[in-house]
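In: Model the following, please.
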Amino acid sequence: MEYKTSDEKRKMRVLMAKPGIDTHWRGAFVIAQALRDAGMEVIYTGTYKSPEMVLNMAIEEDVDVIAMSFMGGSHVPLSREIVKLVKEKEAEDICLIAGGIIRDSDKEVLQEMGISGLYGPGTPLDLIVGHIAQRIRRERWNQPVCCKECAMFSPTQENEREVECNGTVVSHDTEVTDCLDFRFS
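Out: Residues are numbered from 1 along each chain as shown. All right, here's what the predicted structure looks like:
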């Protein structure tokens with residue numbers, strides 16, 4: 001199903017990036033397929049991409065999100081370079097998300113850079129898809145997301161900036177529904 005709203009008439013667009021020399025691609029492919037199954041358009045960069053190549057591709061493809069997959073331990077310096085380039089090219093409207101094998105001690109550093117998600121192996125795919133959809137709705141489409149307690153956006157903390165609503169998030173094996181009535185199977 002496509003994520004369509006009254007304000008936005010196109011599919012959510014995600015650039016699945018493998019920056020650096022990390023060749024572990026299987027996790028990125030699994031996430032890309034889950035995003036496609038949810039109706040998002042996914043562009044895969046391939047491996048061995050420099051931060052400059054990733055950002056240039058994101059701008060050229062007009063993506064909503066750069067989803068970076070890291071398995072080789074270079075997530076902090078590569079992310080730092082991508083964030084620097086995002087600012088230099090005035091592309092701050094592109095959401096940055098990362099996942100893979102990321103040390104707990106590095107997660108706070110990445111979050112301070114504005115990178116969210118930071119999901120590792122075994123994370124339920126509906127949580128990842130919901131997180132990406134909520135970031136796009138909030139930051140790219142300027143829509144309110146569910147309610148303050150919406151676990152789909154942040155499973156560990158309340159969303160202080162969100163509007164009050166009567167919406168709920170119900171997670172089933174194959175469906176997640178929020179108060180904005182988006183669904184994916």
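In: Show me what the lengthiest helix in the chain is packed up against.
Out: In terms of residue count, the longest helix belonging to the chain (DSSP state H) is helix 75-88. In terms of contacts (3 or more C-beta pairs under 8 Å, 6 or more residues apart in numbering; DSSP states H and E), helix 75-88 is packed against helix 51-61, strand 65-70, strand 95-100, helix 104-112. Backbone N, C-alpha and C define where each C-beta goes, glycine included.
In: Reformat these into a markdown table and put mean neighbour count and mean pLDDT next to each item.
Out: Output for those, formatted as a markdown table (neighbours: other C-beta atoms under 10 Å; pLDDT from 0 to 100):
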| stretch | mean neighbour count | mean pLDDT |
| --- | --- | --- |
| helix 51-61 | 18 | 95 |
| strand 65-70 | 26 | 92 |
| strand 95-100 | 23 | 90 |
| helix 104-112 | 13 | 89 |
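In: Select, out of the ones you listed, the one closest to residue 14.
Out: strand 65-70 (4.7 Å; C-beta to C-beta).
In: contact partners of the closest one?
Out: Outside strand 65-70, the residues that touch it by C-beta atoms under 8 Å, 6 or more residues apart in numbering are 12-20, 22, 24-25, 27-28, 31, 35, 54-55, 58, 75, 78-79, 82, 94-102, 115, 117, 132, 135-136.
In: So which of the helices and strands packed on helix 75-88 is nearest residue 39?
Out: Checking those against residue 39 by C-beta to C-beta gives strand 65-70 as the closest, at 14.0 Å.
In: one step back: can you select the buried ones from the contacts of strand 65-70 in ChimeraX?
Out: Selecting the buried subset of the contacts of strand 65-70 in ChimeraX, with 16 or more other C-beta atoms under 10 Å as the burial test, is done by:
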select :12,13,14,15,16,17,18,19,20,22,25,27,28,31,35,54,55,58,75,78,79,82,94,95,96,97,98,99,100,102,115,117,132,135,136
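In: Please identify the helix or strand for residue 47.
Out: Element membership for residue 47, per DSSP states H and E: none, as it lies in no helix or strand.
In: That one: neighbouring residues, count only.
Out: By other C-beta atoms under 10 Å, 16 other residues sit near residue 47.
In: residue contacts, the residue nearest to it when sequence neighbours are not counted?
Out: Nearest residue to residue 47 in three dimensions, chain neighbours excluded: residue 18, at 4.8 Å (C-beta to C-beta, 6 or more residues apart in numbering). Taking C-beta under 8 Å, 6+ apart, we find residue 18 in contact with 25, 28, 45-49, 68-69.
In: On the three-state scheme, the residue lying closest to residue 97 once chain neighbours are set aside is what?
Out: Nearest non-adjacent residue to residue 97, counting by C-beta to C-beta, 6+ apart: residue 117, 4.0 Å away. Under DSSP: H, G, I helix; E, B strand; the rest coil, residue 117 falls in the strand class.
In: tilt between the helix or strand harbouring residue 134 and strand 95-100?
Out: Using DSSP H and E, residue 134 maps to helix 125-135. Interaxial angle, helix 125-135 versus strand 95-100 (axes from the mean of the first three to the mean of the last three C-alpha atoms, to 10 degrees): 160 degrees.
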